[in-house]
Structures are given as structure tokens and as C-alpha cells.
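A.B. asks: Here is my input, please return the structure:
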Amino acid sequence: MASPPPPSPGPFATLPPPVQWLLLLVGAAALGVALHSIDFPAALLIGPMLVAIAAGTCGATIRMPRPLFGLGQAVIGCLVASSIQVEVFSSFATDWPIILFAVLSTLAASSFLGWSISRLRILPGSTAVWGSAPGGATAMVLMAEAFGADARLVAFMQYLRVVMVTLAAAFVARLWVDTSDMVAPERIWFPPVDWLGLGATVLVTAVSGTVGKLLRLPSPYFLSAVLLAMALHLGGGIPFQIPEWLKAVSYVIVGSAVGLNFTRAVVWNALRVLPQVTLSILLLMGFCGAIAWLLSHELGIDPLTAYLATSPGGLDSVAIIATASSHVNLSLVMALQTARLIFVLLFGPALARFIARGMKP
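C.D. replies: Model prediction:
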């Protein structure tokens, strides 16, 4: 591939900051809504990110204020923690050998792919590991930078996989069930206020940065929000309320913050490694498909249940697809997906450091 184009200021650089912000927000809203209307995976995050990437490569000089970026991370941390339901642990107790086997196998495969990408000098070690990690895409992007990875390339790898895995899961589901009338749950943008749940969200969001810095957490806003929200949600039984409008605002903030840091060189590098990254995603999907076949063939688990449970990403879309079929074991699907997210959050940093350290000359 030819060398990247020489750097130039770009048309955005000549515009006043208020005009840059206006163009970014209008473009982010327009593309986010357009992608959302066609049920594109993670539309309200990927849309603003794509617009911000375009602005960044065109020389945008604006950057998301760090306190605002931190608040967006904290809300997503609450969202991750509140998605872990107490009921899931009953499935852990019942199906723990299956869950442990599938989770550890997938983590081993993704770590090997990350190591291979790093070993072949396609991407740096920690970036390759975080980009290959089969956990929640947004969580991986937010944690990656704190552990020395390039969050921009991690976002490129993670959200490319989200799109590919979601499309594949929808296609596979059509082989077993009629999904023609399947619709996502209705989004209520301004639901009735649950003062306890919304208050818990506001409280955790407000104090997460301070707590995270006091504890010297590597990603203070996100990780402290996850820990605090889990303590209140699982330990105290407090149901968090995160309205759709708040999710959307947080996605726009995080997507725009990541996208604005892209430069022409980073975009060029992402395009350069696109074939290799796509191949690694297909290999991981194939490996997870093989695990699903093994679970189905050896343990008699419904094939669609096994496939959705082991699908490496796209948790929200997988849940929607799983609820469309009455014979899918939804508790097993969510238990395995949740267990993998928890394992990646716990062991992802150690794996990334280990592989990055092993790649040093």
C-alpha cells in the first residue's frame, strides 16, 4: 500500500471553534438518528464517532472537555454494572462448567489472536489485545487507553466486530426462527422518573471521578462507576435508572471524544490493517461457532442458544435476537455473555500487560 498522504491543516482548522462544535453536533445527531432508524448496531455511538473521525481528519482543533468525557464514561459504567442482574448468578450455579469452558476458551482464542496481530507487527501488543477482547466494546475502548493502548485503533477493531457479529447472529437466527417480525423493545426516551434509580445514577456519576482518583484507578471515571454501581445494584438491591436520553447523550460524548482524536495517519493505519483485522474477527467468530457446535453436539444444547451464548460481542443485539425464539435458553445466553464481560474486565489488563511485555525486544 502506498504511503499515507502528507499532513495538512484541513478545512476544519480554519473554522472558529463554535462553528466546529455546531457542525460536529449537527452531523453527529443526523448520522446517529439515520443509523438508529435502520437498526444499525450501536448507532448512537458509532454515528457520532464517524462524524468526529471525519472532523478530526479534516483538521478539527476542538476536543471534548475532559470533565464532560468523564461524566459520559461514568454513565456508561453505571450502564455496564446495571446490566449484570442478580438472577444471572443462578445460571452460573447451574451451568458453571459450560460457562467456564466457553468463556475461558473464547478468552484464550481472542488473546492468541491479539498476540498474533502484535507478533506480526500489525498493531502494538496492548492495542491488539484490547481490540481483540470479546467483552463490551465501549467498556474495552474506555479501559484501553488507561492501560497504554491506542483507544482509536481499539475502537476501530471493537466496533467493526460489533457490526460483523450482529449481522452474523441475525443471519444465523433466521435459519432457526422466523425473525421477519422481530422488533427491538420500544425505546421510551423520557420514562416516568424512578427517583431512587435515577438518584443512584446521578450519585455514582457525580462521585465516580473523585473516588476513582482517590483509589488511583487507571480509568477513574469508568472503573469507579462500575464498582460503585455494582455495589449498590448487586449488594444493596438498588435498581438503576438510566433513561434513553441519558444513554444517547453519553454515547454522543464518548463517541465524539474518541473520534476527534483520529488523524489522517491513524485512519490510514486503520485502513492498512483492515484486511488483517477483518480476518482475525472472522477467525474468532469461527472459533466461537465451533464452541457452539461442540456444546450443541456433546451436551444437547439448542444450536441457536449455543451460538448466541458464545457469540463474541453485540450483547444488546444478541439479547433481542434471543428473545425472539421461545426455545432459546435466554438465561444461559445472558449468563455466558455476562460472565465473559466480567472476566475481561477483571483479567483484561493483566493479559494486555503480559502480551505487551512479551513483545518487547
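
A.B. asks: So residue 137 sits against residue 157, correct?
C.D. replies: No - counting by CB atoms under 8 Å, residue 137 does not reach residue 157; the two are 9.1 Å apart. Glycine gets a C-beta too; all of them are placed from N, C-alpha and C.

A.B. asks: Please, which helix or strand holds residue 313?
C.D. replies: Using DSSP states H and E, residue 313 sits in no helix or strand.

A.B. asks: Please name the residues that touch it.
C.D. replies: Applying CB atoms under 8 Å, 6 or more residues apart in numbering, one finds that residue 313 lies in contact with 134, 137, 158, 161, 162, 165, 166.

A.B. asks: Cross these against helices and list the overlap.
C.D. replies: 137, 158, 161, 162, 165, 166 (DSSP state H).

A.B. asks: Quick one: residues contacting the first one.
C.D. replies: With contact set as CB under 8 Å, 6+ apart, residue 137 has these partners: 42, 155, 158, 159, 161, 162, 313.

A.B. asks: how about 7 Å then?
C.D. replies: 42, 158, 159, 162, 313 (CB atoms under 7 Å, 6 or more residues apart in numbering).

A.B. asks: What ranges does the stretch 201-350 of the chain have for its helices?
C.D. replies: Assigned by DSSP state H, counting those that start in this stretch, the helices in the stretch 201-350 of the chain fall at 220-230, 244-260, 264-272, 274-299, 303-310, 315-323, 330-358.

A.B. asks: For residue 62, which of those is the nearest?
C.D. replies: helix 244-260 (6.7 Å; CB to CB).

A.B. asks: just to revisit the earlier point, tabulate the helices of the stretch 201-350 of the chain in CSV, adding columns for mean pLDDT, mean neighbour count and distance to residue 92.
C.D. replies: Output for the helices of the stretch 201-350 of the chain, formatted as CSV (pLDDT from 0 to 100; neighbours: other CB atoms under 10 Å; distance: least, CB to CB, whole Å):
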stretch, mean pLDDT, mean neighbour count, distance to residue 92
helix 220-230, 88, 25, 15
helix 244-260, 90, 22, 27
helix 264-272, 89, 16, 37
helix 274-299, 90, 17, 16
helix 303-310, 84, 25, 13
helix 315-323, 65, 21, 17
helix 330-358, 77, 20, 6
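
A.B. asks: I'd like the ones you listed written out as a markdown table, with distance to residue 89 added.
C.D. replies: Shown next, in a markdown table, are the helices of the stretch 201-350 of the chain (distance: least, CB to CB, whole Å):
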| stretch | distance to residue 89 |
| --- | --- |
| helix 220-230 | 12 |
| helix 244-260 | 25 |
| helix 264-272 | 39 |
| helix 274-299 | 20 |
| helix 303-310 | 16 |
| helix 315-323 | 17 |
| helix 330-358 | 8 |
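
A.B. asks: what do residue 137 and residue 157 both touch?
C.D. replies: Counting by CB under 7 Å, 6+ apart, nothing touches both residue 137 and residue 157.

A.B. asks: center of the chain - which residue?
C.D. replies: residue 137 (1.4 Å; CA atoms, centre = their mean).

A.B. asks: ok, now which ones touch the residue lying closest to that residue once chain neighbours are set aside?
C.D. replies: Spatial nearest neighbour of residue 137, chain neighbours left out: residue 158 (3.9 Å); criterion: CB to CB, 6 or more residues apart in numbering. By CB under 7 Å, 6+ apart, residue 158 lies in contact with 131, 137, 140, 141.

A.B. asks: Sort these by pLDDT and name the bottom one.
C.D. replies: Within these, residue 137 has the lowest pLDDT, namely 77.

A.B. asks: what's the pLDDT at residue 324?
C.D. replies: 59.

A.B. asks: Over to residue 185?
C.D. replies: With respect to pLDDT, residue 185 has a value of 60.

A.B. asks: what does the one 4 residues further on give?
C.D. replies: On pLDDT, residue 189 comes in at 82.

A.B. asks: shift numbering so it begins at 42
C.D. replies: Okay, using 42 as the starting number, the last item reads as residue 230.

A.B. asks: list the contacts for the closest residue to residue 266 other than its chain neighbours?
C.D. replies: Leaving aside its sequence neighbours, residue 266 sits nearest to residue 118 (CB to CB, 6+ apart; 2.8 Å). Listed by CB under 7 Å, 6+ apart, the contact set of residue 118 reads 249, 262, 263, 266, 267, 270.

A.B. asks: Secondary structure element for residue 118, which one?
C.D. replies: helix 107-123.

A.B. asks: pLDDT of that helix, averaged?
C.D. replies: For helix 107-123, mean pLDDT is 88.

A.B. asks: relative to helix 261-271, how tilted is it?
C.D. replies: Taking axes from the mean of the first three to the mean of the last three CA atoms, to 10 degrees, one finds helix 107-123 and helix 261-271 inclined to each other by 30 degrees.

A.B. asks: just checking, next helix/strand downstream of helix 107-123?
C.D. replies: Next along the chain after helix 107-123, taking DSSP H and E as the criterion, comes helix 129-160.

A.B. asks: for that following helix, packing partners?
C.D. replies: helix 166-173, helix 315-340, helix 344-351, helix 371-399 (3 or more CB pairs under 7 Å, 6 or more residues apart in numbering; DSSP states H and E).

A.B. asks: any idea how far the closest residue to residue 68 other than its chain neighbours is from residue 182?
C.D. replies: Spatially, and ignoring its direct neighbours in sequence, residue 68 is nearest to residue 92 (4.1 Å; CB to CB, 6+ apart). Distance, residue 92 to residue 182, by CB to CB, to the nearest Å: 17 Å.
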